[in-house]
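Colleague: structure here, sequence nowhere to be found:
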């Protein structure tokens, strides 16, 4: 049981380049999330998808777009990367969108923008 | 808005010492509370949770009690091991706040020395 799988694990971009971070879950979860983790800041929610076909902004959505391709997959796109987007990105999923449903995380994508 | 405050560390202890990591929260509704653990190079894993006042979550020797009167959810373990070295995140999910996903503290880096 793979859980939540993120690709790639590492990426280096130049300012202005674009890329898509991929995320897939095999737990038949309804809700999926993208977080970024920065030193001293904890985890901050970028975008989430409560169910297939819906997406909503989180705390820090500027500079990002998302696509909920199907129930399994939720991708995060950087259209024009900036050094401020250097971070570790985590995808997560949960069974339902309720207050007590824990999140299951992938192992992260470490992105450096030069 | 919702927020979680926890000691950032690093917290350095000797093996078999008693551990307490403090966590306090502010929420508009009546939240569920979580502790997650992150080992080096990995994503976050759910350690324990509590969904109502006076609930005690426990797992792998770790415990935390939901204290509504003091808005706290302190993590404790009676005898830590080197393998407990990791970053620990306190988080909440607010059923009444309308937000989605989890709100995380900034994380506490725990180092256990043999």
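Modeller: Structure's in. What do you need? From a predicted model like this one, the values you see are computed outputs, not experimental measurements. Numbers count the residues shown, from 1 in each chain, chains lettered A, B, ... in the order given.
Colleague: from here on, contacts and neighbour counts on C-alpha atoms
Modeller: Noted.
Colleague: just how off-centre is stretch B:32-45 within its chain?
Modeller: Distance of stretch B:32-45 from the chain centroid (Cα atoms, centre = their mean, to the nearest Å) equals 9 Å.
Colleague: let me fix that, I meant to ask about stretch B:13-28.
Modeller: Distance of stretch B:13-28 from the chain centroid (Cα atoms, centre = their mean) equals 7 Å.
Colleague: and it with chain A, contact?
Modeller: No. Shown here: stretch B:13-28 not in contact with chain A (Cα under 8 Å from any Cα of the partner chain), separated by at least 12.4 Å.
Colleague: for that stretch, which positions count as buried?
Modeller: Across stretch B:13-28, burial judged by 16 or more other Cα atoms under 10 Å in any protein chain shown covers B:13, B:15, B:19, B:21, B:22, B:23, B:24, B:25, B:26, B:27.
Colleague: could you work out the most separated pair of these?
Modeller: B:15 and B:27 (35.0 Å; Cα to Cα).
Colleague: partners of residue A:44 in the sheet?
Modeller: Beta bridges link residue A:44 to residue A:36, judged by DSSP bridges.
Colleague: reformat the buried residues of stretch B:13-28 as JSON lines; add pLDDT and distance to residue B:113.
Modeller: Shown next, in JSON lines, are the buried residues of stretch B:13-28 (pLDDT from 0 to 100; distance: Cα to Cα, whole Å):
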{"residue": "B:13", "pLDDT": "97", "distance to residue B:113": "6"}
{"residue": "B:15", "pLDDT": "97", "distance to residue B:113": "6"}
{"residue": "B:19", "pLDDT": "97", "distance to residue B:113": "13"}
{"residue": "B:21", "pLDDT": "97", "distance to residue B:113": "17"}
{"residue": "B:22", "pLDDT": "97", "distance to residue B:113": "20"}
{"residue": "B:23", "pLDDT": "97", "distance to residue B:113": "23"}
{"residue": "B:24", "pLDDT": "97", "distance to residue B:113": "27"}
{"residue": "B:25", "pLDDT": "96", "distance to residue B:113": "30"}
{"residue": "B:26", "pLDDT": "94", "distance to residue B:113": "33"}
{"residue": "B:27", "pLDDT": "89", "distance to residue B:113": "36"}
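Colleague: closest one of those residues to residue A:65?
Modeller: Closest to residue A:65, out of all of those and judged by Cα to Cα, is residue B:27, at 28.3 Å.
Colleague: which phi and psi does the nearest residue to that closest one once chain neighbours are set aside have?
Modeller: Leaving aside its chain neighbours, residue B:27 sits nearest to residue B:2 (4.5 Å; criterion: Cα to Cα, 6 or more residues apart in numbering or on different chains). With angles defined as degrees, to the nearest 10, residue B:2 sits at phi -70, psi 150.
Colleague: which residues of chain A lie near chain B?
Modeller: A:33, A:40-45, A:48, A:58, A:90, A:97-100, A:102-108.
Colleague: can you list which of these are found in strands?
Modeller: Taking DSSP state E, the ones among the residues of chain A next to chain B that sit in strands are A:33, A:42, A:43, A:44, A:45, A:48, A:90, A:104, A:105.
Colleague: pLDDT value on the last one, please?
Modeller: At residue A:105 the predicted local confidence, pLDDT, stands at 94.
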